[in-house]
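J.: Sequence and computational prediction follow.
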Amino acid sequence: MNVAIVGGGAAGFFAAIWVKENNPEACVTIFERGSRVLAKVRISGGGRCNFTNSGEHLKNFTKAYPRGANFLKKAFHQFSNHDAMRWFEENGVPYVIQSDGCIFPESQRSQSVIEALSGTARKLGVKVVTSLGVNNIIQNDDGRFTLILGEGMRDTFDKVIVTTGGTPSPEWLAIFERLGHKIVPPIPSLFTFEIDDEELHELTGLVVEQAIVSIVGTKIREEGALLITHWGVSGPAVLKASAYGARILNEASYRCDISVNWAGVVNYSLVVEELNRVVAEHGAKQISNFAPYGLQNRLWRYLIAKSGISSERRWSELGSKGINRLAERLTNDIYHVTDKGAFKDEFVTCGGISLECVDANTMQSKVCSGLYFAGEILDIDGITGGFNFQAAWTTGFIAGKLK
């Protein structure tokens, strides 16, 4: 059996490995248009590679996927995050689990993951061809596939697994549309928010560990760390909100209002209660000298000023109106987003090959027998935290079981 893997990323290598594990006599070739394979793995997580998630903080692992959750429910029964953890450990990648469930190589180097994938593929006899793209895929009358390659080359294969990632060109997607597949227009997911607020920008580098970010006018509300940047806000809470709101934000040209809850407490009354407790216990102190909820002093002074309250006033001088103004600022601080920011290390796309056209049990196309898909070319994307790589391992594993 002659098998082509189109795309030399995470899903491509994992699919190739499992094709060879299941069919040792098969000839498997990975075609990568770029000069280097596993490029996204290399830069992921700032070069550390958060390759999956323990899922300990999730009631349901599939809740981490804004698109593709139901499809993955079946798929994870075949290859779960625990299977991925086991595979990487057995292939020379001991790992560490962070408090947030993110899993990294013990080495803290993405190279460890790259070596496990490339080394295993090499031992199994997978052929890797770089700097050679696939320009077209044609299914022949006998059911086999002819790949039109760069430099006028062409080759024929019995099976093809497409793993070209999440930034497909319209021309590339048109190939699969001609083969009968429905295409979901690809757009960015997992991005930061640009906010035009110079005073906020002066707080660059400041992190609030437990904030809540909501997109005004929607039901989207996400918790987690928030990072203030020189262009706006980032961090897990923002990235998760952008993932769940990807389509909505795209339609709004990435202009919207967001609400930031700096206290990390949803119940407004509890925040008022906490501020009244501060008044009772620290009434003689200046407001600026005692920040509630462990907020850093620079941020607290910014929020006081934004509330129109003098930082020199004492807590005991606030009164109920002052308490309510601070409580509102802490729980519902509104900012206008002017655009999406670039978050290069974790770029993710939603959209691609519609899941309606793919069998979740095999990853084989329902409309083109012998053609399989894995990874981000599918209309599957997860929030930050290793979930997108897990989708790549799972779909690559299943596609690699081809017969």
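T.: Yes, it's here.

J.: which outside residues touch stretch 186-194?
T.: Contacting residues not belonging to stretch 186-194 are listed as 66, 166-168, 173, 229, 231-234, 238-239, 242-243, 246-247, 250, 254, 258, 335, 337-343, 346-352, 381, 383-384 [CB atoms under 8 Å, 6 or more residues apart in numbering]. C-beta coordinates here come from the backbone N, C-alpha and C atoms, glycine included.

J.: Give me the average confidence score over that stretch.
T.: Stretch 186-194 carries an average pLDDT of 94.

J.: And stretch 149-156, by the same measure?
T.: In this model, stretch 149-156 has an average pLDDT of 92.

J.: Off-centre distance for it?
T.: Averaging C-alpha coordinates over stretch 149-156 and over its chain gives two centres that are 34 Å apart (CA atoms, centre = their mean, to the nearest Å).

J.: That stretch: which residues count as buried?
T.: For stretch 149-156, a neighbour-count test (16 or more other CB atoms under 10 Å) marks residue 149 as buried.

J.: how many neighbours does residue 278 have?
T.: 18 (other CB atoms under 10 Å).

J.: That one touches residue 292, doesn't it?
T.: Yes - A contact is recorded between residue 278 and residue 292 when judged using CB atoms under 8 Å, the distance being 5.7 Å.

J.: mind listing the strands for the stretch 201-350 of the chain?
T.: Ranges of strands within the stretch 201-350 of the chain are 207-215, 221-228, 232-234, 256-261, 333-340, 348-353, based on DSSP state E, counting those that start in this stretch.

J.: residues in contact with the last one?
T.: The contact list for strand 348-353 (CB under 8 Å, 6+ apart) reads 66-67, 162, 165-168, 173, 176, 181-190, 243, 246-247, 373, 376-382, 388.

J.: Show me where this structure dips below the pLDDT cut-off.
T.: Low-confidence segments of the chain, defined by pLDDT under 70, are located at 343-346.

J.: re earlier: from the contacts of strand 348-353, list the buried ones, please.
T.: Going by neighbour count (16+ other CB under 10 Å), the contacts of strand 348-353 have 66-67, 162, 165-166, 168, 173, 176, 181, 183-184, 186, 188-190, 243, 246-247, 373, 376-382, 388 buried.

J.: What about the residues you listed, which are in strands?
T.: With strands taken from DSSP state E, the overlap with the buried ones among the contacts of strand 348-353 comprises 162, 183-184, 186, 188-189, 373.

J.: wait, which of the residues you listed is closest to residue 283?
T.: Using CB to CB, residue 189 comes nearest to residue 283 of these, at 47.2 Å.

J.: so which of the strands of the stretch 201-350 of the chain is the most packed in?
T.: A comparison of the strands of the stretch 201-350 of the chain by mean neighbour count, using mean count of other CB atoms under 10 Å, puts strand 348-353 on top with a mean of 24.

J.: Can you dump the C-alpha atoms of it in PDB for me?
T.: Taking C-alpha atoms only, strand 348-353 is exported to PDB below (Å, rounded to 0.1, in the frame of the first residue of the first chain):
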ATOM      1  CA  VAL A 348      -5.200  28.600  15.500                       C
ATOM      2  CA  THR A 349      -7.900  28.600  12.800                       C
ATOM      3  CA  CYS A 350     -11.500  27.600  13.000                       C
ATOM      4  CA  GLY A 351     -13.100  26.300   9.800                       C
ATOM      5  CA  GLY A 352     -11.900  24.000   7.100                       C
ATOM      6  CA  ILE A 353     -13.300  20.700   6.000                       C
END
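
J.: and the angle from that strand to strand 183-189?
T.: For strand 348-353 against strand 183-189, the angle by axes from the mean of the first three to the mean of the last three CA atoms, to 10 degrees is 180 degrees.

J.: and strand 348-353, how far out from the chain's middle?
T.: On the basis of CA atoms, centre = their mean, strand 348-353 is displaced by 11 Å from the centre of the chain it belongs to.

J.: can you give me the helices in the stretch 251-400 of the chain?
T.: Under the criterion DSSP state H, counting those that start in this stretch, helices of the stretch 251-400 of the chain are mapped to 268-282, 297-306, 319-331, 387-399.

J.: so can I have CSV of those helices showing distance to residue 13?
T.: Listed next are the helices of the stretch 251-400 of the chain as CSV, based on distance: least, CB to CB, whole Å:
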stretch, distance to residue 13
helix 268-282, 49
helix 297-306, 43
helix 319-331, 46
helix 387-399, 8
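
J.: Deepest-packed of the ones you listed, please.
T.: Ranked by mean neighbour count, the helices of the stretch 251-400 of the chain are led by helix 387-399 with a mean of 28 (mean count of other CB under 10 Å).

J.: Tell me which residues of stretch 358-373 come out buried.
T.: Judged by neighbour count using 16+ other CB under 10 Å, the buried positions of stretch 358-373 are 358, 360, 363-365, 368, 370-373.

J.: before we move on, the earlier item: closest one to residue 77 out of the ones in strands among the buried ones among the contacts of strand 348-353, please.
T.: residue 373 (18.6 Å).

J.: For that closest one, list each beta-bridge partner.
T.: Applying DSSP bridges to residue 373 gives these bridge partners: residue 162.

J.: And stretch 98-114, end to end?
T.: Using CA to CA, to the nearest Å, one end of stretch 98-114 lies 21 Å from the other.

J.: Which positions in it come out as buried?
T.: When neighbours are counted by 16+ other CB under 10 Å, the buried residues of stretch 98-114 are found to be 100-105, 107, 109-110, 112-114.

J.: how close does residue 322 sit to residue 308?
T.: 10 Å (CB to CB, to the nearest Å).

J.: tell me the contacts of the residue in the chain sticking out farthest from the centre?
T.: Relative to the centre of the chain, the most outlying C-alpha is that of residue 284, 46.7 Å out, by CA atoms, centre = their mean. Residue 284 is in contact with 314-316, counting by CB under 8 Å, 6+ apart.

J.: try residue 256
T.: 215-217, 245, 248-249, 336-337.

J.: try 10 Å this time
T.: For residue 256, the set of contacting residues under the criterion of CB atoms under 10 Å, 6 or more residues apart in numbering consists of 193, 215-218, 245, 248-249, 335-338.
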